[in-house]
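**Student:** can you look at this prediction? I've put the sequence above it.
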Amino acid sequence: MTYQLYLALDVFSRMVTGWRVETREDDDLAAEMFENAFTVRGVLPRIIHSDGGPSMTSRTLGDLFAELGIEVSRNRPRVSNDNPYSEALFKTAKYTPDYPAFFNDLDHARSWASDFVEGYNHRHHHGGLEGHTPHDVHHGTWTGVHHRRQNTMDALYAAHPERFASPPRVRTPMAQVAINQKTNRDRLHAG
């Protein structure tokens, strides 16, 4: 038996905003997952970037996104890294120490996915987010962590300036991310 993981990822914060595990891929189940994610978050995305799978190219989702005014962007055929954000997330999932060799049943698959999403959103210190969690970047609470890190580096510099070429600056996450579009190199301001 195989299981299908439906997953919505906010590219900016890398936070999983919606997910479900089912025994089959189905247009209505995908639409329900997106509608639930939009309702829970209280925000509609401007663009949905997806693969060319049957659910994502279905009339059901196409009509839903059109009705909500959401633009659709598709992966390019034969381009393995077209959506590096989702590729990185799935690689992280597959390489977690507790990823099972197989799932005993649907409940086992759902339980594992629930634990993974919770850990990924709240405890995974993401390299692409300068070590912040997706939850903190998504909700803007990363700034408190950033200031604590900068204070620690300032104290280290004050105690041992000889160990540094210049005063250390803790980097903030990128201010802009995109798929298949140019971005600038600006970073978020910690305030």
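**Tutor:** Looks like it arrived, so ask away. Residues are numbered from 1 along each chain as shown.
**Student:** Glu25 is in contact with Gly53, isn't it?
**Tutor:** Yes: applying Cβ atoms under 8 Å, one finds Glu25 in contact with Gly53, separated by 6.9 Å. C-betas here are computed from N, CA, C, even on glycine.
**Student:** output the below-cut-off pLDDT ranges for the chain.
**Tutor:** Along the chain, segments meeting pLDDT under 70 span 75-82.
**Student:** residue with max distance from the center of it?
**Tutor:** Residue distances from the centre of the chain (Cα atoms, centre = their mean) peak at Glu162, which lies 39.0 Å from the mean C-alpha position.
**Student:** what's near enough to touch it?
**Tutor:** Counting by Cβ atoms under 8 Å, 6 or more residues apart in numbering, Glu162 touches no other residue.
**Student:** all strands for the chain, in order.
**Tutor:** Remark: strands assigned in the chain by DSSP state E are 4-9, 16-22, 47-50, 71-74.
**Student:** mean neighbour count and distance to Thr152 for those - can I get that in CSV?
**Tutor:** Converted to CSV, those look like this (neighbours: other Cβ atoms under 10 Å; distance: least, Cβ to Cβ, whole Å):
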stretch, mean neighbour count, distance to Thr152
strand 4-9, 19, 31
strand 16-22, 19, 29
strand 47-50, 18, 37
strand 71-74, 14, 40
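**Student:** of all the ones you listed, which one is nearest Phe38?
**Tutor:** Proximity to Phe38, assessed across the strands of the chain by Cβ to Cβ, is greatest for strand 16-22 (8.1 Å).
**Student:** residues contacting that closest one, please?
**Tutor:** Contacts to strand 16-22, defined as Cβ under 8 Å, 6+ apart, come from residues 3-10, 29, 32-34, 36-37, 40-41, 89, 106, 109-110, 113, 117, 120-121, 134, 138.
**Student:** and stretch 52-63, by the same measure?
**Tutor:** 6, 25-31, 34, 50, 72, 74-75, 77.
**Student:** for it, buried residues please.
**Tutor:** 55-56, 58, 61 (16 or more other Cβ atoms under 10 Å).
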